Structure formats: structure tokens, C-alpha cells
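build me a model from this:
(4 chains)
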Protein chains: 2
Amino acid sequence: MSTSHVLLGLLAGGPRHGYELKRSHDDRLPQAKPLAFGQVYATLGRLERDGLVEQSGQDRDGGPDRTSYVITEAGRARLGEWLTEVEPPAPYVTSALFAKVVVSLLASGERVATEYLVAQRAAHTTRLRELTAVKTDSAATVGDVIAADYAIAHLDADLRWLQTTLLRLADLNEEMNP
Amino acid sequence: MSTSHVLLGLLAGGPRHGYELKRSHDDRLPQAKPLAFGQVYATLGRLERDGLVEQSGQDRDGGPDRTSYVITEAGRARLGEWLTEVEPPAPYVTSALFAKVVVSLLASGERVATEYLVAQRAAHTTRLRELTAVKTDSAATVGDVIAADYAIAHLDADLRWLQTTLLRLADLNEEMNP
DNA sequence: CGGCCACTATTCACTGAGTGAATAGAGGTC
DNA sequence: GACCTCTATTCACTCAGTGAATAGTGGCCG
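Next up, the predicted model:
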């Protein structure tokens, strides 16, 4: 998704090689999923192909050769666009929770769907408590708090949805399996 | 992601061929992203390879040949698992909004990040109003309402996050660019 | 001194998700 | 009979992501 933009953003701070990019990614965005090395080099390859970065020479410093990349003018332009564009609020509902409820009603009936909703609500509630604890942890950085906030807000959104969907499940079943 | 499970779910209602699956998917989950044909056949291929579905013969009915698939016992078992498993609340924060704010601070500074947050808030607010209208539309089905609810809950979560992040942006900037 | 381990750095082979265009049969229509 | 439309499948391709393999260098320990 936006991995390439994130790499461009890291490269905006100066030339870097792949290994370094992986580490500064995991470092700067510790609450995001760690990047795999393979993915870093593959993405760099695409960025280079598209003229958004360039190799800025090889060097070596007590270890194997390494290839540094710099961001190009086109790269800066692309990064600038991404940073100012708003993310289009998704036109589609792509949620495993939603899909599961619908498929459940189609394939197994209302009882299974209800059980699922109840179980999912319990799991979310547990996770919500854990995240709340992270937030009040005194060792938490501002970044940690903001990330936790994001997760909390969405867990809470799911929970409210799970609740109202439970209440409407009989109606939905009626509509789908008349 | 869960496309294969959704297809299994549709096949649980009886044998279907690819074209039919695409249509009943788009029909049953109208608020989800339409499936591309290519994806249906590719997914069916994987399901067959894994023994979760089987070809149940060819037939023809005023048109080209078509190949029907049935769900196998293993397929039903797999579907049953999926329907009862809770979705693990994501351990990582994989959000374009979050990533953009962090990268923005790294690469362009607080002003650009602020402008982004404000613009994104406006876009979300607009979309939220549209969705609220969908909900009160008298033609809305229960499915539509539940889907709109999902989207609304998450837009609202984003909005609250955007708001609190705006307030904390100076602190975050301080932490990241000391 | 030789062997091994840890760290740095990159590559490779593979799977899965998804897109868009191409192909092809059958029936209807003007 | 040329063409259009609907049904049905396939193909070629890109991107994202994983896990293992490869390879160079320095440090440490027996």
C-alpha cells in the first residue's frame, strides 16, 4: 500500500541503503508491522524503475558492499503529493467482521452468527483493556499513545458495531433468508 | 484476504460455477468491492488445489461450457472454522492516516502535517454526512444500514483520532525531531 | 592461529491478491 | 449474414509480502 511512500519519506532525510531503511522504518514506526528485507529491496527496485530514487554509489564500511539510494526531484514531488492528498474515505466496506456475519447467515444460520458476534465482542473487549493499559504506561512515548489511540478508537468502533448488529441480526436474517 | 472463505460460504449453498459466484457475491455483499472474474477463477483454482472444492462436472445452457464446483467435506470444515474463529484484533497499526502523519513530520515538518490533518478531517466529515443520509434513506435494506453503520463507526473513530492527534502534534513533533 | 559466531547487506524463489484485456460460444435483431 | 449482447473462462501482468539462502567482515575463544 503506502510502503513505497514511507520509504520515499525516509529517503527525504538523505541517502540511505536498504538495510538502513528497514531499520529506520521499524524504528520510526515501531507500532507498524516490521518491514521484511525482501520487501525493502523490491520496493526500492520499483522506485528506481519509476525514477523516484537513484543509486548514489556503493561503499563499504566494515562489512559487505552496500548500495545507497537518493530521492530524485520526481521522488520529492511524488512524496509531496502523497503528503498533501487526503486519503479517500473507503467507498467499500472491506471488513472481515462484516463479511463473516453475512456469510454466516447464508451458510450456517442465525445461531452461529450470534455466537460469533458474542465471541468477537469478548475478544475486542479484552484487547481494548490491554491497549488502555499501554496508554497509561508511564514509559509510553507520544508516538505510542497516538498509535494506541488509533487502535482504541477503531476497536471501540467495532464494538459499537458488534453491539448494534447483534440487535439487528434477526432482521438481517429475515432479509437474507426469507 | 477472506475472499476464499466468502466463496466457500457461497458454495455451501450448493454447486456453482465461477460466473455465478461472481454475481452472487456482488449480489449478497453489494457494499463490498465487486469481485473481478479473474480473481474468482484464480481463487477457485487455489481452493481446488487445496481440496476444499471439487469440480462437479461441466454443463451448458445456451452459452459456452461451464464448470461447476462443489464444496468438499474439508471445505465445510474450513468454513466452519472460519465462521467460529474470532478475528484477532490487529496487533499492528496499519493505517495510511497514521503513517502519513509520521512521515509528514519526518520529511516536511509540522505545518504540512497540520494541514493534512485538517484537510483529512474535512473529507471525513463530508463522507460521514453522506453515509448518514444513506441510513435514513427509506429504500435502505437492513444490509445497507448495517454496512453504513460499520463505515460510520470507523469514520467517526478516525475523526476522533484526527482531532486528538491535532492537539498532540506539537508534542509528537518534539519527540520525533528533537 | 583456526574455527565459529554475530552482524551487516543483498538476493532469490515463491505465494497470493488483484487488474484488465482477450477469447469464445450462443442467441437475438435488423 | 453481419453485428451485438450475454454468458463463461483464461491469460498475462503487477504488486505485496515471506522465508530462506548467500556472502563479506570483524571479534572472540580455545
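
quick check: residues of chain A near DNA strand C?
Counting by CB under 7 Å from any atom of the strand, chain A comes close to DNA strand C at A:17-20, A:37-38, A:40-42, A:61, A:63-67. C-betas here are computed from N, CA, C, even on glycine.

quick one: contacts for the residue nearest to the spatial centre of chain A?
Against the mean C-alpha coordinate of chain A, by CA atoms, centre = their mean, the closest residue is A:Ala32 at 6.5 Å. For A:Ala32, the contact set (CB atoms under 8 Å, 6 or more residues apart in numbering or on different chains) comprises A:His25, A:Asp26, B:Tyr92, B:Val93, B:Thr94, B:Phe98, B:Ala99.

which of these are buried?
Buried by 16 or more other CB atoms under 10 Å in any protein chain shown: A:His25, B:Val93, B:Phe98, B:Ala99, out of the contacts of A:Ala32.

surely the second one and A:Ala151 touch.
Yes. In terms of CB atoms under 8 Å, B:Val93 counts as a neighbour of A:Ala151; the distance is 5.7 Å.

in the helix or strand hosting A:Ala77, which residues are buried?
Taking DSSP states H and E as the definition, one finds A:Ala77 inside helix A:73-84. Of the residues in helix A:73-84, those buried by neighbour count under the rule 16+ other CB under 10 Å are A:Gly75, A:Arg76, A:Arg78, A:Leu79, A:Trp82, A:Leu83.

right, and the third one touches A:Leu52 too?
Pointing back at A:Arg78 there. Yes. Using CB under 8 Å, A:Arg78 makes contact with A:Leu52 at a distance of 5.6 Å.

find the residues that touch each one of these two.
Both A:Arg78 and A:Leu52 are contacted by A:Leu8, under the criterion CB under 8 Å, 6+ apart.

returning to what we had before: which of the residues of chain A next to DNA strand C has the most neighbours?
Neighbour tally across the residues of chain A next to DNA strand C (other CB atoms under 10 Å in any protein chain shown): the maximum, 22 neighbours, falls on A:Gly18.

tell me if I'm right that that residue and A:Pro64 touch.
No. Counting by CB under 8 Å, A:Gly18 does not reach A:Pro64; the two are 11.6 Å apart.

A:Gly57 belongs to a strand, doesn't it?
Yes. When DSSP: H, G, I helix; E, B strand; the rest coil is applied, A:Gly57 is found to be in a strand.

quick one: contacts for it?
Counting by CB under 8 Å, 6+ apart, the residues that A:Gly57 touches are A:Thr67, A:Ser68.

show me what contacts A:Leu47?
By CB under 8 Å, 6+ apart, the residues touching A:Leu47 are A:Ser4, A:Leu7, A:Leu8, A:Val53, A:Tyr69, A:Gly75.

I'd assumed A:Ala12 was in contact with the fifth one.
Translated: A:Tyr69. No. Using CB under 8 Å, A:Tyr69 makes no contact with A:Ala12, being 11.6 Å away.

and those two? Which one has more around it.
It is A:Tyr69, of A:Tyr69 and A:Ala12, that has more neighbours when counted by other CB under 10 Å, with 23 against 18.

now do the worst-scoring helix or strand of chain A on mean pLDDT and helix A:73-84, the angle between them.
Least confident helix or strand, chain A: strand A:53-59 with a mean of 89, by mean pLDDT, DSSP states H and E. In terms of direction (axes from the mean of the first three to the mean of the last three CA atoms, to 10 degrees), strand A:53-59 departs from helix A:73-84 by 120 degrees.

quick one: A:Glu161 and B:Ala153 touch, right?
I think there's a mix-up here, since residue A:161 is Trp and not Glu. Yes. Using CB under 8 Å, A:Trp161 is in contact with B:Ala153, at 4.8 Å.

and A:Leu7, how many neighbours?
Look at A:Leu7: counted by other CB under 10 Å, it has 30 neighbours.

just the mean pLDDT for the host helix or strand of it, thanks.
Per DSSP H and E, A:Leu7 falls inside helix A:3-11. In this model, helix A:3-11 has an average pLDDT of 96.

what about the strands in chain A?
A:16-17, A:53-59, A:66-71 (DSSP state E).

as CSV, those strands with distance to A:Thr125 would be great.
Compiled in CSV, the strands of chain A are given as follows (distance: least, CB to CB, whole Å):
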stretch, distance to A:Thr125
strand A:16-17, 42
strand A:53-59, 44
strand A:66-71, 44
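
please state the offset of stretch A:43-54 from the chain centre?
Distance of stretch A:43-54 from its chain centroid, counting by CA atoms, centre = their mean, to the nearest Å, is 22 Å.

cool, and stretch A:156-168?
23 Å.

go on, stretch A:9-18?
Taking CA atoms, centre = their mean, one finds stretch A:9-18 lying 21 Å from the centre of the chain it belongs to.

CA-only coordinates of that stretch in CSV, if you can.
Extracted in CSV, the C-alpha atoms of stretch A:9-18 (Å, rounded to 0.1, in the frame of the first residue of the first chain):
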residue,chain,number,x,y,z
GLY,A,9,9.8,9.8,3.2
LEU,A,10,12.7,8.2,4.9
LEU,A,11,14.9,8.9,1.9
ALA,A,12,13.9,12.5,2.0
GLY,A,13,16.2,12.8,5.1
GLY,A,14,19.2,11.9,3.0
PRO,A,15,20.7,8.9,1.1
ARG,A,16,20.2,5.5,2.7
HIS,A,17,20.8,1.9,1.7
GLY,A,18,18.3,-0.9,2.0
